[in-house]
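>>> what follows is a predicted protein model with its sequence.
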Amino acid sequence: MNPSVRFRKAYTAVVLLIGMATAPCTFAQHEHDFHDTRYHLDHYYPARGTIRRALPGDRMIINHGRDRFFYSGGVWYRPAVGGYVVVPPPYHVFVPVLPPLHTTIWIGGVPYDYANDTYYVWRPDQGQYEVVPPPDDSAATTQPPPSTPDVFSYPKNGQSDAQQSQDKFECHQWAVAQTGFDPIQDTSGVPLAQSAAERMDYQRAMDACLEGRGYAVK
């Protein structure tokens, strides 16, 4: 037989053997994991209730009342016999960063960030994200609502257009909550002087929120 033919046959056999050997391993690797496909995500997480002997190197310590949790990449852990058990996070606990793989949905004009069966909401007054109970997502959308009144801001940290839109809307919500004034709503029945003062308060709150998120505001 031609040596080149023998080589091709041998090479093909090796490739087939490698494929047969690795395919079951790939399945087994995630056999007991949680496959998160909600909102078109496609990511595996350690299933809740499983024990890990060691924590990831990038874990954060999150204290909530008297309880201590460890947080890494959207996965929550607590100390347990034999290591650390994967647990659901408690509601109203705060974290400084979102999981690397997450998606943002909008419900009633409010943005929620989702990952690993957990919902987060940005809280400007805390400067962190809060874990919240699952909302009714029957009317959820991945598209942000119409933009709020014009605020001229420059992204000093290279924020993307999508991030700018989300930051602007969340700051609008925070400014409305702080001042009780919403420039989108009809204010025709409000005395002019009162409306002007409330608008100034709203604008100051809006500017402060955007500057806190890394924007130069004009």
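Looks like it came in fine.

>>> going forward, measure contacts and count neighbours with C-alpha atoms only.
OK.

>>> low-confidence ranges in this protein?
1-30, 144-151, 184-196 (pLDDT under 70).

>>> and the particular helix or strand that has Y112 in it, what does it pack against?
Using DSSP states H and E, Y112 sits in strand 110-115. If you count contacts as 3 or more C-alpha pairs under 8 Å, 6 or more residues apart in numbering; DSSP states H and E, strand 110-115 packs onto strand 103-107, strand 118-123, helix 161-179.

>>> deepest of those, which one?
Stretch with highest mean neighbour count among those: strand 118-123 (a mean of 21; mean count of other C-alpha atoms under 10 Å).

>>> before we move on, back to that, neighbouring strands of the strand holding Y112 in the sheet, and parallel or not?
Sheet pairing of strand 110-115 (DSSP bridges) gives strand 103-107 (antiparallel), strand 118-123 (antiparallel).

>>> surely Y77 touches F70?
Yes: judged on C-alpha atoms under 8 Å, Y77 makes contact with F70 at a distance of 4.9 Å.

>>> neighbour-wise, which of those two wins?
Y77 (26 against 21; other C-alpha atoms under 10 Å).

>>> how near is that one to I62?
Separation of Y77 from I62 (C-alpha to C-alpha, to the nearest Å): 10 Å.

>>> if we can go back for a sec, among the strands paired with strand 110-115, which comes closest to Q166?
Ranking those by their distance to Q166 (criterion: C-alpha to C-alpha) puts strand 103-107 first, at 9.3 Å.

>>> render the CA-only coordinates of that closest one in CSV, please.
Only the C-alpha atoms of strand 103-107 are listed here, as CSV (Å, rounded to 0.1, in the frame of the first residue of the first chain):
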residue,chain,number,x,y,z
THR,A,103,-28.6,39.8,29.9
THR,A,104,-30.7,43.0,30.5
ILE,A,105,-34.5,42.9,30.3
TRP,A,106,-36.9,45.7,30.6
ILE,A,107,-40.2,45.4,32.5
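
>>> quick check: G74 touching A115?
Yes: using C-alpha under 8 Å, G74 is in contact with A115, at 6.6 Å.

>>> overlap of the contact sets of those two?
Listed as contacting both G74 and A115 by C-alpha atoms under 8 Å, 6 or more residues apart in numbering are P99.

>>> more neighbours: which of these two?
Using other C-alpha under 10 Å as the criterion, G74 and A115 rank with A115 on top: 24 against 19.

>>> pretty sure the more buried one sits against H102.
Yes: if you go by C-alpha under 8 Å, A115 and H102 touch, sitting 4.8 Å apart.

>>> now the helices for this structure?
Applying DSSP state H to the chain gives helices spanning 3-29, 161-179, 192-212.

>>> packing partners of the second one?
Using 3+ C-alpha pairs under 8 Å, 6+ apart as the contact definition, the elements that helix 161-179 packs against are strand 110-115, helix 192-212.
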